[in-house]
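[1] Dropping a prediction and its sequence here:
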Amino acid sequence: MVDDIKILVVDDERVVIRSVEMVLKAEGYDIEGASSGKDAILKMEQNNYNLVLTDLNMPEMDGITLIRWLRQQKPETGIVILTGYPSQETIKEALELGIIDYVPKPFTPAVLLDVTQRAIEWLRKRGVVEEKPTEEFPPSMLDEIDRVIKQYKEIPGSSIPVLQRCQQIVGYLPPHVQKRIAKGLNLSPAHVHSIVSFYSYFTMKPRGDHNIRVCLGTACYVKRIEESLNKLKQELKIDVGDVTEDKKFSIEVVRCLGACGLAPVIVVDEETYGAVTPKKVAEILEEYA
Ligand code: FES
């Protein structure tokens, strides 16, 4: 998980919870949903969340009441508002209660991710969230990364080939490798991160020997790819973004694999499987057993 951050998203619209979960889980965040203020309080009484993303307009208990409760009971928790049409008064009150930021609905995955990352950075600067220790890589690996950066440094637009080469060296692109590349190429870490997030070829987490990419794009979604994704998670006993204990399989979700005519689609390594069903998932896994 990213820096062991635990996030709670509170919204009475299930579709919002699901899209926030989809975007942030794919980036490695540990995230749960609550469909009302009361449900959120129950969850927060049992768990510690570093960050709460909450709607303001909810039946039974509005977001402002929830934020007031949080300020009294969990003052360390970061709060981001996730709402459509806030009034000047509610925004003013939320700001007075110390929210970190605001995501207007509807939001794009990039905006949600950007605000979430900035909120976590804000919490980190205040010492509320500890940075996970950097993975140890052998010095020879870091030297190789630096050699690649040096080789491409003067070539304009070379960030993608550098990232590709570095991913081949390390196997994935964790945040500290991205920062090293950004520094070496004189780019902002946010710019490098946006490239890594945009292209499904790049990954921020280690992959298994067989990486399974599941398409959650519109064509696949309407043909119920979610049922096959659930079957996959159940068979492999892992969640999206994780690797099986024997390091054999990993699951990723992507937004379109460019094979919409075959929907619903999954890709195992370089092999594309169309018209996937939960039954077919079990057969596909057997091919790699
Ligand atoms: S939407 Fe799934 S392949 Fe395009």
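    Now that the structure is in, tell me what you want to look at.
[2] show me where the stretch 51-200 of the chain has helices.
    Across the stretch 51-200 of the chain, reading from the start of the chain, the helices by DSSP state H, counting those that start in this stretch fall at 63-73, 88-96, 109-125, 139-152, 159-170, 175-185, 189-198.
[3] got the contact list for the last one?
    Around helix 189-198, the neighbours that count as contacts under CB atoms under 8 Å, 6 or more residues apart in numbering are 27, 110, 113-114, 117, 159-160, 163, 173, 175, 178-179, 181-182, 185, 202, 204. Every residue, glycine included, has its C-beta placed from N, CA and C.
[4] and the next element down the chain from it?
    On the C-terminal side of helix 189-198, the nearest following helix or strand under DSSP states H and E is strand 210-215.
[5] check contacts around the spatially closest residue to Leu66 that is not a sequence neighbour.
    Across the structure, with CB to CB, 6 or more residues apart in numbering as the measure, the residue nearest Leu66 apart from its sequence neighbours is Gly37 (4.2 Å). Residues near Gly37 by CB under 8 Å, 6+ apart: 10, 58, 60-63, 65-66, 69.
[6] Residue of this structure closest to the ligand, please.
    Using CB to the nearest ligand atom, the single residue of the chain nearest to the ligand is Gly217, 2.5 Å away.
[7] Out of the contacts of Gly37, who's the most crowded?
    Val10 (29 neighbours; other CB atoms under 10 Å).
[8] quick one on the thing from earlier: confidence score at the residue nearest to Leu66?
    pLDDT for Gly37: 92.
[9] about what we covered before: how deep is the residue of the chain closest to the ligand tucked in, by neighbour count?
    As a burial measure, the neighbour count of Gly217 was computed by other CB under 10 Å and equals 19.
[10] so it makes contact with Gly258?
    No - if you go by CB atoms under 8 Å, Gly217 and Gly258 don't touch, sitting 9.1 Å apart.
[11] Show me what from this protein comes close to the ligand.
    Contact residues, the chain versus the ligand (CB under 6 Å from any ligand atom): 215, 217-220, 256-257, 259-260, 263, 265.
[12] Low-confidence regions, the stretch 51-200 of the chain specifically.
    Segments of the stretch 51-200 of the chain classed as low confidence (criterion: pLDDT under 70) are 86-87, 129-135.
[13] Double-check that Ile41 belongs to a helix.
    Yes - if the criterion is DSSP: H, G, I helix; E, B strand; the rest coil, then Ile41 is within a helix.
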